[in-house]
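Student: What shape does this take:
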Amino acid sequence: PPPRRSQAALRPFAMGLPPQDLFPGADWARLQRRLWRRCERGELPLGYGPAEGEPRLRAALAAWLRHARGLRCSAEQVLISSGAQQAFALLGLALPGPGEPVAVEAPGYHASWAALQLGGARPVGVPVDGRGLRPAALQALGPGCRMAVVTPSHQWPTGACMDLERRLALLEWAQRQRAWLVEDDYAGEYRFDGPPLPALSSLDREGRCIYVGSFSKLLLPGLRLGYLVLPPALVPLLQRVRAALDRQPPHFEQEVLADFIELGLLARHLRRCRRAAAQRRQALLQAWARAFGPRWPLQAPASGLNVYLPLASPAEEARLLEQARAAGLTLGGIQELLRACGQPGERAGLVLGFGASTEAQLRAAVARLAQAWV
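Tutor: Sure, this is the predicted structure:
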């Protein structure tokens with residue numbers, strides 16, 4: 001049976017959640033039982049492990065990323081974290097100095113902003129448009145900015161996909177500035193129009209990209225396993241920070257995940273989730289068109305697990321959010337995200353997640369929203 005989920009996670013349009021109902025709990029439990037039998041036979045250590053993560057999982061991830069995301073990386077470049085959030089915290093503690101500017105997307109992922117400030121860095125919002133972050137805006141930050149965080153495969157929260165021209169411009173900026181490009185590839189595997197695009201990091205020839213990945217969108221957020229792929233020059237520094245922060249990642253979850261990848265179960269699960277997400281996206285778009293027509297047109301996202309609805313004004317956003325939440329629906333607002341990042345502005349819109357809800361649940365949620373927005 002699927003794992004139990006909180007009521008909050010089950011609310012319609014909840015953002016940032018994968019198809020949790022498809023999690024292969026039976027396979028995971030079987031691998032856990034096999035792991036404990038190996039422990040009982042003395043085949044696995046029960047004490048402390050390496051701070052950078054178990055070698056077998058790092059090797060499995062490097063092979064997976066070479067195949068699935070086009071990265072040219074070795075196991076030695078992979079560092080296991082407790083989700084993407086800790087990965088950003090590690091980078092915030094290790095790289096920027098106190099007061100140094102770090103370019104981040106605005107609107108963007110507010111939790112990464114907070115993590116990057118742990119070492120005293122100063123996040124500076126860079127505007128995004130329909131093609132993602134605007135590289136020209138980075139030039140205005142001057143030579144003191146030596147790190148930028150981007151979501152090129154699916155900009156959070158607008159869903160914009162960065163084209164090749166902008167990706168190359170970002171890499172040129174990083175090379176010229178001797179800066180670090182942090183690629184948050186949180187939903188790169190969920191692409192619906194053609195095969196997944198190669199990661200920005202796959203284009204890097206100068207060792208300026210840091211790749212951040214997580215299993216929150218591929219498996220479950222509660223698993224709390226993520227990773228960084230680091231340029232070789234940064235590996236020793238990040239390993240020391242990782243060891244000081246919380247000693248090591250959870251050993252047993254790493255071993256089970258390594259089995260899950262090596263046995264082909266992750267690839268099979270991702271194919272299933274991608275099909276389900278595509279069907280759920282289509283159900284949402286069709287129900288939305290019937291309910292609202294041209295009044296609030298909703299564009300099909302090429303990737304990711306959420307859709308973005310631009311609105312005319314912050315006042316309209318606030319009104320629609322209040323009505324939707326009164327009806328028990330979980331929507332996100334662009335103004336709220338901008339305020340969380342300390343970036344006030346006039347841009348307005350709503351974000352609706354579709355990954356964690358079935359097609360029937362999405363159709364029912366749109367009907368409730370239509371009643372709330374009369």
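Student: Next, the buried residues of the lengthiest strand in the chain.
Tutor: Ranked by number of residues, the top strand in the chain under DSSP state E is strand 122-129. Neighbour counts over strand 122-129 (16 or more other Cβ atoms under 10 Å) mark 123-126, 128 as buried. From N, CA and C alone the C-beta is placed, and that goes for glycine too.
Student: all helices for this structure, in order.
Tutor: Here the chain has its helices, by DSSP state H, at 7-10, 25-40, 55-68, 83-94, 110-116, 135-139, 164-177, 235-246, 251-262, 265-292, 314-326, 334-340, 359-372.
Student: returning to that earlier point: name the nearest of the buried residues of strand 122-129 relative to residue 144.
Tutor: residue 124 (10.0 Å; Cβ to Cβ).
Student: Show the model's pLDDT score for the closest one.
Tutor: At residue 124, the model reports a pLDDT of 90.
Student: Contacts only, for it.
Tutor: Contact analysis of residue 124 by Cβ atoms under 8 Å, 6 or more residues apart in numbering lists 101-104, 141, 145.
Student: hmm, try it at 6 Å
Tutor: Applying Cβ atoms under 6 Å, 6 or more residues apart in numbering to residue 124 gives the contacts 101, 103.
Student: Ok, residue 330 next?
Tutor: When contacts are counted by Cβ under 6 Å, 6+ apart, residue 330 touches 11, 13-14.
Student: repeat for residue 161
Tutor: Contacts of residue 161 (Cβ under 6 Å, 6+ apart): residue 302.
Student: which stretches of the stretch 51-200 of the chain aren't confidently modelled?
Tutor: The model of the stretch 51-200 of the chain has no residue with pLDDT under 70.
Student: could you redo the contacts of residue 330 as JSON lines and give each row pLDDT?
Tutor: What follows is the contacts of residue 330, written out as JSON lines (pLDDT from 0 to 100):
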{"residue": "11", "pLDDT": "74"}
{"residue": "13", "pLDDT": "90"}
{"residue": "14", "pLDDT": "88"}
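Student: on that earlier part again, output the buried residues of strand 122-129 in JSON lines; the columns should cover distance to residue 329.
Tutor: As requested, the buried residues of strand 122-129 are exported to JSON lines (distance: Cβ to Cβ, whole Å):
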{"residue": "123", "distance to residue 329": "30"}
{"residue": "124", "distance to residue 329": "33"}
{"residue": "125", "distance to residue 329": "28"}
{"residue": "126", "distance to residue 329": "31"}
{"residue": "128", "distance to residue 329": "26"}
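Student: still on that earlier bit, dump the helices of the chain to JSON lines, plus mean neighbour count.
Tutor: Shown next, in JSON lines, are those (neighbours: other Cβ atoms under 10 Å):
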{"stretch": "helix 7-10", "mean neighbour count": "11"}
{"stretch": "helix 25-40", "mean neighbour count": "14"}
{"stretch": "helix 55-68", "mean neighbour count": "19"}
{"stretch": "helix 83-94", "mean neighbour count": "23"}
{"stretch": "helix 110-116", "mean neighbour count": "21"}
{"stretch": "helix 135-139", "mean neighbour count": "17"}
{"stretch": "helix 164-177", "mean neighbour count": "17"}
{"stretch": "helix 235-246", "mean neighbour count": "16"}
{"stretch": "helix 251-262", "mean neighbour count": "20"}
{"stretch": "helix 265-292", "mean neighbour count": "17"}
{"stretch": "helix 314-326", "mean neighbour count": "16"}
{"stretch": "helix 334-340", "mean neighbour count": "19"}
{"stretch": "helix 359-372", "mean neighbour count": "17"}
